[in-house]
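>>> Give me a model of this one.
(one chain, ligands or ions: 1)
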Amino acid sequence: MQPADIEKVWQIEKQSNRFPWSKGNFEDCLKSGYRTFLYAKDNEIIGYSVVQSVLDEVHLLNICVNPGHQGKGFGRQILNHVIETALEQSAAIIVLEVRASNIRAQQLYLSTGFNEMSVRRGYYPAEQGREDGVLMGLELGMFAQLGQNLL
Ligand SMILES: CC(C)(COP(=O)(O)OP(=O)(O)OC[C@H]1O[C@@H](n2cnc3c(N)ncnc32)[C@H](O)[C@@H]1OP(=O)(O)O)[C@@H](O)C(=O)NCCC(=O)NCCS
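All right, here's what the predicted structure looks like:
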């Protein structure tokens, strides 16, 4: 992802999330050197991911598929790419937070091997008050030992 992509990315972000990131959030991630990936086909943005690495821990901060392309397997492909890049940098674990109500994303993570680690009470803003965040983690030892063929 480059600064020039942010406007288009933000349009997708707004269409895909009830509480989207701001443009500034994406700009800050680029400035901070977070790993930001854009996935495109025929000049159209399919989706994106934003990843922060701290020592051997990878934090998946954002993953999103353009609404017109959701439910076609792209989310799984993007998640697999995030796992591959984490393995390349010898990370031990990928962690993420997901809204308790976001069953679709949780299904994707659970079916990839993520486990629920804890619940962060009132972590997210919601239409009425706050919503819990579920902290999920994928330990990468198994992938590192058995190879990326598991993906
Ligand atoms: C969550 C998201 C990234 C998934 O991407 P996607 O391309 O729609 O998902 P895929 O087609 O790759 O499907 C992956 C898995 O998600 C789950 N899934 C997909 N659609 C689903 C639905 N309607 N209901 C429940 N689970 C669903 C399934 O487990 C599916 O695996 P399967 O097809 O093998 O059964 C995408 O829906 C999205 O961008 N949502 C808005 C932003 C968001 O919520 N990001 C996650 C924040 S933590």
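>>> Tell me the residues of this protein that contact the ligand?
Neighbours of the ligand within the chain, by CB under 6 Å from any ligand atom: 16-17, 63-65, 70-76, 98, 102-105, 107-108, 111. Where C-beta positions appear, they are placed from N, C-alpha and C, glycine not excepted.
>>> Next step: the residues you listed restricted to strands.
63-65, 98 (DSSP state E).
>>> Which one of those is nearest to residue 8?
Using CB to CB, residue 64 comes nearest to residue 8 of these, at 12.1 Å.
>>> who's the closest one bridged to?
residue 48 (DSSP bridges).
>>> In this structure it contacts residue 15, no?
No. In this structure residue 64 lies outside contact range of residue 15 using CB atoms under 8 Å: 9.4 Å.
>>> ok so, going back, filter the residues of the chain next to the ligand down to the buried ones.
63-65, 74-75, 98, 102, 105, 108 (16 or more other CB atoms under 10 Å).
>>> In the residues you listed, find the pair that's most separated.
Checking those with CB to CB, the most distant pair is 74 and 98, at 17.6 Å.
>>> which stretches of the chain have low pLDDT?
Applying pLDDT under 70 to the chain flags residues 146-151.
>>> can you pull the contacts of residue 94?
57-60, 82-83, 86, 114, 137-138, 140 (CB atoms under 8 Å, 6 or more residues apart in numbering).
>>> Just the element for it, please.
strand 93-99 (DSSP states H and E).
>>> for this protein, longest helix please?
When the chain is parsed with DSSP state H, its longest helix is helix 74-88.
>>> chain center to it, what's the gap?
Centre-to-centre, helix 74-88 and its host chain are 9 Å apart (CA atoms, centre = their mean, to the nearest Å).
>>> distance of the residue in the chain that the ligand sits nearest to from residue 57?
When scored by CB to the nearest ligand atom, the chain has residue 75 as its residue closest to the ligand, at 1.9 Å. When distance is defined by CB to CB, to the nearest Å, residue 75 is 22 Å away from residue 57.
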